[in-house]
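> no letters, just coordinates:
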């Protein structure tokens with residue numbers, strides 16, 4: 001009978017002891033809504049956040065710009081390494097958290113625009129953040 005207990009052993013009957021191994025998939029925290037707008041003031045420090053929902057990933061911060069009819073992409077940082085000569089850009093990831101913050105120090109008018117937080121480790125995806133400065 002299903003669910004029966006073997007009276008001699010005080011445990012489930014043989015047919016109930018079969019264990020099927022199931023691979024557990026870690027639950028991911030919900031990512032920040034895509035296309036977030038951050039408003040800052042010129043001359044101040046501005047922080048753009050990217051909640052990737054994963055640990056141990058490679059993250060790029062990229063600035064997307066339109067020049068005429070052409071799109072240009074400037075890779076600013078890779079993980080915590082700044083790749084451009086402008087050292088006002090700094091990426092912070094505290095204690096290997098799931099949140100990667102791009103700090104733009106002493107923000108200039110030219111810093112306004114579309115930024116992309118790219119996760120380069122599978123599963124790959126991008127989170128876009130628009131910076132508006134006043």
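Now that the structure is in, tell me what you want to look at. Quick caveat, the model's predicted, so the values are computed rather than measured.

> contacting residues for the residue most central in space within the chain?
Nearest to the mean C-alpha position of the chain, by CA atoms, centre = their mean, lies residue 52 at 1.8 Å. Neighbouring residues of residue 52 by CB atoms under 8 Å, 6 or more residues apart in numbering: 31, 59, 98-100, 117, 119, 127. Any C-beta I mention is one placed from the backbone N, CA and C, and that applies to glycine too.

> report the lowest-confidence entry in those residues.
Within those, pLDDT reaches its minimum at residue 31, with 47.

> circling back: drop anything exposed from the contacts of residue 52.
31, 59, 100, 117, 119, 127 (16 or more other CB atoms under 10 Å).

> isn't the third one right up against residue 53?
When you say that, I think you mean residue 100. No. Counting by CB atoms under 8 Å, residue 100 stays clear of residue 53, with 10.9 Å between them.

> show me where pLDDT drops low in the chain?
Low-confidence segments of the chain (pLDDT under 70): 1-33.

> which residue, other than its chain neighbours, is closest to residue 101?
Closest residue in space to residue 101, ignoring its immediate chain neighbours: residue 92 at 4.7 Å, by CB to CB, 6 or more residues apart in numbering.

> contact partners for that neighbour?
Residue 92 sits next to 80, 100-101, 103 when contact means CB under 8 Å, 6+ apart.

> which one of the residues you listed sits closest to residue 44?
Checking these against residue 44 with CB to CB, the nearest one is residue 103 at 11.1 Å.

> residue 117 is in contact with residue 51, correct?
No. With contact defined as CB under 8 Å, residue 51 does not reach residue 117; the gap is 9.0 Å.
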